[in-house]
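with the sequence up front, the predicted model follows.
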Amino acid sequence: MKKAINYLRNMIKLLRVKHWIKNGLIFLPLFFSLQLTNWSYISKSLLGFLAFCLVSSAVYVLNDIRDREKDRLHSTKRNRPIASGAIGVPVAAIVALLFVGGAACILVWLRSAWGGAILALYFLLNVGYSCGLKNIPIVDIVILASGFVLRVMFGGVIIGEEVSSWLFFTVLAAAFFMGMGKRRNELLTEGDETREVNKLYSQSFLEKNMYMCITLAVCFYAMWCITSPTVERFANPGITWTVPLLLVIFLRYSYRIERAGEGGDPINVLLKDYVLLGLVVIFLVYTVLVVYVPIPFFHEISKII
């Protein structure tokens, strides 16, 4: 029994289940379309979320299979299920194929050709990343960042909702910030021994561009909050108050990845920092109230401001 439980734990670790949090971006178009109570939209988004989780896990498995030798030289990656030998390569490959097949079946059920195209693009980009594109500077970060944008696009396509360009730009800039932050911390903690592309990056280059991207992300989000379509759709000026909240979240995240020993992976940083997690929860709850609950207080305060 204990052996079976350990095997299950290793399988969950292999599939990177905790990274499914990233796929929550799929629900962004659903949320801001004001269709959060529409079961048809909700069911499509949930199925899309499941499909993206299956494909993203398959990508992680294929990447671990390919990099198993290098991972054994890494201080933490050597503990991954395939690198450590806890799960064999044949089993991992079968799981990856089953997950890709499962995602394809879901998309057939959703009858979303564009959704299938976006998911296929995500899969191919990440396979290309695993097969060598990750060793090309800038290209590696572009692929990492594109994954976040594709999630938002996918979420919009499967429910037939258009997403604001400002929101796309916000997600893209934030993704570039996190991608470069991850590379920076890998460079500091592991050097260039376990990732070839780190030989071509410098700490100063990554840091300068990190903070350019964080500035752009906040500016893009602020522009989205004050543009006419957003104001008209939500009819609540309280949405602009989410800008300082987002700024504080970025500041806390930046503070965490500046600390020695932090890996820079967004999910690991979020789950390990309860202050950051609390700020994100406050941001989400407040945004739900602003978008879905008409509160006269926001309108009165906006007149004063």
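Cool, got the structure.

can you give me the helices in the stretch 1-150 of the chain?
Counting by DSSP state H, counting those that start in this stretch, the stretch 1-150 of the chain has helices at residues 2-15, 28-32, 39-66, 68-71, 81-84, 89-110, 113-130, 139-159.

who wins for proximity to Val285 among those helices?
helix 28-32 (12.6 Å; Cβ to Cβ). The C-beta positions use only the backbone N, C-alpha and C, and glycine is treated the same way.

so which residues make contact with the closest one?
36, 41-42, 45, 152, 155-156, 159, 161, 163-164, 167, 171, 233, 291 (Cβ atoms under 8 Å, 6 or more residues apart in numbering).

swap in stretch 167-186?
Counting by Cβ under 8 Å, 6+ apart, 25, 28, 32, 140-141, 144-149, 152-153, 194-195, 197-198, 201, 203, 206-207, 209-211, 213-214, 216-217, 220-221, 224, 250, 253-254, 257, 262-266 sit against stretch 167-186.

same thing but at 6 Å, please
Applying Cβ atoms under 6 Å, 6 or more residues apart in numbering, the contact partners of stretch 167-186 are 141, 144-145, 148-149, 152, 195, 201, 206, 209-210, 213-214, 216-217, 220-221, 224, 257, 262-266.

next: stretch 97-110.
47, 51, 54-55, 57-58, 115-116, 158.

same check, this time on stretch 147-156
Against stretch 147-156 from outside (Cβ under 6 Å, 6+ apart): 25-26, 28-29, 115, 118, 122, 163, 171-172, 175.

all strands of the stretch 151-300 of the chain, in order?
Taking DSSP state E, counting those that start in this stretch, the stretch 151-300 of the chain contains no strands at all.

and the helices in it?
Secondary structure of the stretch 151-300 of the chain (DSSP H, counting those that start in this stretch): helices located at 165-189, 203-226, 228-234, 242-258, 266-272, 274-292, 296-304.

I'd like those helices as CSV, with mean pLDDT, mean neighbour count and distance to Val127 appended.
Below are these laid out as CSV (pLDDT from 0 to 100; neighbours: other Cβ atoms under 10 Å; distance: least, Cβ to Cβ, whole Å):
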stretch, mean pLDDT, mean neighbour count, distance to Val127
helix 165-189, 87, 21, 18
helix 203-226, 91, 17, 25
helix 228-234, 75, 13, 37
helix 242-258, 88, 17, 28
helix 266-272, 78, 17, 21
helix 274-292, 88, 14, 31
helix 296-304, 52, 11, 46
